[in-house]
Each structure stands twice: as structure tokens, then as C-alpha cells.
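Engineer: have a look at this fold, sequence not included:
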């Protein structure tokens, strides 16, 4: 009797074993949804001109990928394959509407700022990509972690791009939040006042950074750096 | 899997989802409505920001303070296209976005009169088209119905960092204070957004938003259209005062 009990304990998988940690951390680098899987590019171009909307977007997408992975994984044996995509979409749309309703009730200014993009999470290919590639074939807890990992991987790139774009495009960081920093600009509101500082009189904000094209360059440069630093991503050929 | 299973599965899934969303919506509706009302009234009072009690800025007021200030100090009248006041009260319940779609001569729109002891302000809601979608705002005129006290703009989907600056950059709205909508002969000229910057001392122009020509043109058109619609009312108040 005692023997079988020990065996059962051993059999039970740990909540955060090696495999689970890999699920959570892989998307941050080796399997990043944006720079490696090349998913979710459109929203990465659209919302990253400032840090605040990027952070909210990252949180919202993480919530949606995590819970849609969880629900789809729970239902994976019951979803008929003929209506697989429709069932997945219903679940994604449900979660996105939940995010929208909660933001509307508890953080109205951010809801106003992001309204269009929140609805567009439904079309974010990361969400459906992870459902198809992972949640349909794996257990709920692992799927949930995979969702969180991919949401975080997406968010990390989003925020990196947004920091670069906001700093060089507008001379500020975290504008619209209580910790807003005005770093460089043409008047005394900024730390480095280009109108009076002799070292920076040549500096002007780069308007290209404000445009979505800038995100394209920055993401490409991030991919370049990542491939140089990470040997796992170098093609064998 | 059989067809009947597929149909049952789809039906149950959608029913469960629809039901939970209904419950959640019912639960959050009161909060969302209060937020919406607060947001609207804040945008109206933001246009008269220099004349708020205690000289405080609009962001220093709590939600309830804004609602009670609006109740006490703002009269919401309704005017029609001929400038006639059709109701002395109830303008705040009018959905400007909806009314704006009607033919100009059929519209009945609110005018908010902010009762300041020395400086009565008239606040006019406006609606127009930006680059991507609707833009709107409120413009407050002083007691002479000529000099601008302040403006507050908002938009549905202008590009963050470019067109969205009409709302996000407080310096853009600040430019409007002190500008005039009538020239010295009393002709209506509105206020235009000048690309490349307004000439110093120009009372009828402000700097356009850099990199957002179409949004700026939209704001110029909105100011002109909206103010000309209110013109009969403005003239009648002016005539009544003399």
C-alpha cells in the first residue's frame, strides 16, 4: 500500500517543472512570437508609438492567450474538428469582450485610448496560432503557461519597441502615466532642453519614429541582434 | 463525430458564452455609464479650465466633484438651427454624435452655459471627421461670444503620436485661448490650423499638428462647420445683450 502511494506522488507532475519553465521562458527568446514565429506583427506596428498603450496591450493579449489556451485545452477532446476554428474564435471573442467590458468599467481613459485595438486582439495571429499549435494537443496547465509565456514574449518586444519609439519620436517616456518622464525636447519642461543646452542644440525629435514604419525597422534590428547573440537561432545551412 | 453532436456542441458553447457576457455586461453597466457621463462632463468643463473654482486644473477634481460642479454651475440649454432656444434644460441628455448626422436645419443641439460670477462662458459641442474616424470637441467662448476661453478635443481613432496629439498634447489646446472667431468688422472667420505654424499675433490661426495634416484639416473644418451652425444663436445672444 505504502509503495503505491509513493509511486503516485512521484507520478504527479510538478506545477513548475523543467518543462513548464521552458514553456514560460522559451517564448521570451528562443521561440519569441514576434521575432521568431513572426506572428502579431500588425498590432506591434500599430500600438507601439507610446509605452502606455503597449503595456496595456501586452497585459490584455497575455490575458487572452492564457485563458483561450486554457479553455480550448480543456475542451480539446470535445471540440469537433469540423468547427474547430469557429469554436476557437468564439472563445477568443468572448475573452476579448470580457477585457473590453472590464476596462470600460474600471479604467475608462485607457479603454478610450485603446478601444479599436482591444477589438483587434481577436485578429491577433498569436492567439489563434497558439491554440492551433499548442492548446489543441496539450494539457490545460501547460497550455495556460504557454499562453502566458507567449503573451509575455509578445509584450517584451512591444515594450522594447515602444521605449525606442517614444524616446526618439517624442522625447518622453511613459507619457500619460503618473511616472511620465520628459527627457529631451525644445523647451524647459524637458530634462535636456535643446533650446538652451549647448551640447544638444542640434537635436530634434525624429518624426519617422512616430510612424508605424519605424516599428518595422526596430523589429528587424531586434531580430538581427537576437540572431547574432543566440546561437540556437542560426540556421545550420 | 455526428452532425447532431456538432450542432449541440456549437449551440451549447455559444449559449454559455452569450449568457456569461450578458451577466457581465449587466453587472458592469452602471459603472460604465457613470464613467461615460463623467468623461463627457469632464470634457465640457475642460474647455473652461481657467475659470474653474479655486483656480484648480480639471484633473485635480474628483469624479463626484466634477458631477456636482456640473450640476450647480452649468445650464444645458437646447438650440435649433435658427438660433432659437427650444429648451432651457436637458441638453446634457442629447447625443451630439447622433444629432450631428441629421440635416443641419433639423438639428437641435445643446449649448452649455457655464455660470462664472464674472465670466459667463458658452460651451459649444462640435463634431467632425479626422483622418481615420470621427473627431469631436468642445469650444468655450467668453461673455463677448468672440474670444475663445478654451477647447478640448477628442477622437475615435487618430494615429497615436500624430493626429492623436489634438487630445494628448495639452499645448495644442492651450494655443486656442485668446483667439477670436470674428474679425474686427464682426465677420465670422473661425480659427484655422496653419501648417508650418501660425504667424505671431494672428488672432484667427493656431499651429497645426506636425505630421498630421489631414487631422489638422479635419479640426479646421470642424471648427468652421460647427461654429457656423451655432452662429444664429450667437448672433441672437449678442443682439439681446446690446
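Structural biologist: Arrived safely. From a predicted model like this one, the values you see are computed outputs, not experimental measurements.
Engineer: so which residues on chain A come close to chain B?
Structural biologist: For chain A, the contact set with chain B under C-beta under 8 Å from any C-beta of the partner chain comprises A:47, A:49-50, A:53, A:78-83, A:86-87, A:90-91, A:93-94, A:97-98, A:101-102, A:104-106, A:108-109, A:112, A:115-116, A:165-166, A:169-170, A:175-176, A:207, A:210-211. C-beta coordinates here come from the backbone N, C-alpha and C atoms, glycine included.
Engineer: show the buried residues in the residues you listed.
Structural biologist: By neighbour count, with 16 or more other C-beta atoms under 10 Å in any protein chain shown, the residues of chain A next to chain B hold A:47, A:49-50, A:53, A:79-80, A:83, A:87, A:90-91, A:93-94, A:97-98, A:101-102, A:104-105, A:108, A:112, A:165-166, A:169-170, A:175, A:210-211 as buried.
Engineer: residues from chain B in reach of chain A?
Structural biologist: B:1, B:5-6, B:9-10, B:13-14, B:17, B:20-21, B:24-25, B:28, B:31-32, B:35-36, B:38-39, B:154, B:156-157, B:159-162, B:168, B:210-211.
Engineer: filter the residues you listed down to just the ones in strands.
Structural biologist: residue B:154 (DSSP state E).
Engineer: residues near the nearest residue to residue B:134 once chain neighbours are set aside, how many?
Structural biologist: Leaving aside its chain neighbours, residue B:134 sits nearest to residue B:156 (4.9 Å; criterion: C-beta to C-beta, 6 or more residues apart in numbering or on different chains). By other C-beta atoms under 10 Å in any protein chain shown, 14 other residues sit near residue B:156.
Engineer: what sits against residue B:156?
Structural biologist: The contact partners of residue B:156, by C-beta atoms under 8 Å, 6 or more residues apart in numbering or on different chains, come to A:115-116, B:130, B:132-135.
Engineer: phi and psi next, for it.
Structural biologist: phi -90, psi -40 (degrees, to the nearest 10).
Engineer: and the pLDDT at it?
Structural biologist: The model reports residue B:156 with a pLDDT of 83.
Engineer: what's the separation between it and residue B:135?
Structural biologist: Using C-beta to C-beta, to the nearest Å, residue B:156 is found at 7 Å from residue B:135.
Engineer: again with residue A:25
Structural biologist: Remark: distance between residue A:25 and residue B:135 (C-beta to C-beta) = 44 Å.
Engineer: between the two, which one's more packed in?
Structural biologist: Between residue A:25 and residue B:135, counted using other C-beta under 10 Å, residue B:135 has the larger neighbour count: 25 against 15.
Engineer: what pLDDT does the model give the more buried one?
Structural biologist: 93.
Engineer: report how many residues lie close to the closest residue to it other than its chain neighbours.
Structural biologist: Leaving out its chain neighbours, the residue that sits closest to residue B:135 by C-beta to C-beta, 6+ apart is residue B:155, at 4.4 Å. Neighbour count for residue B:155, taken as other C-beta under 10 Å: 25.
Engineer: please tell me I have it right and residue B:155 contacts residue B:163.
Structural biologist: Yes: under the criterion of C-beta atoms under 8 Å, residue B:155 makes contact with residue B:163 at 6.7 Å.
Engineer: find residues that contact each of those two.
Structural biologist: B:130, B:215.
Engineer: which element is residue A:53 on?
Structural biologist: Using DSSP states H and E, residue A:53 sits in helix A:51-74.
Engineer: any buried residues in that helix, and which?
Structural biologist: Within helix A:51-74, the residues that qualify as buried are A:51-58, A:60-73, counting by 16+ other C-beta under 10 Å.
Engineer: also stretch A:175-185?
Structural biologist: A:175, A:182, A:184-185.
Engineer: cool, and stretch B:108-127?
Structural biologist: Applying 16+ other C-beta under 10 Å to stretch B:108-127 flags B:109-114, B:116, B:120-127 as buried.
Engineer: could you work out the most separated pair of those residues?
Structural biologist: Across the buried residues of stretch B:108-127, no pair lies farther apart than B:116 and B:127, at 25.6 Å, counting by C-beta to C-beta.
Engineer: let me see the contact set for the nearest residue to residue A:155 once chain neighbours are set aside.
Structural biologist: Of all residues not flanking residue A:155 in the chain, residue A:58 sits nearest, at 2.8 Å (C-beta to C-beta, 6+ apart). Residue A:58 makes contacts with A:151-152, A:154-156, A:158-159, as judged by C-beta under 8 Å, 6+ apart.
Engineer: and the next element down the chain from the host helix or strand of residue A:151?
Structural biologist: Assigned by DSSP H and E, residue A:151 belongs to helix A:140-170. The first helix or strand that comes after helix A:140-170 along the chain, using DSSP H and E, is strand A:172-173.
Engineer: how far is that following strand from where the chain is centred?
Structural biologist: Taking C-alpha atoms, centre = their mean, to the nearest Å, one finds the center of strand A:172-173 at 20 Å from the center of the full chain.
Engineer: cool, thanks, signing off.
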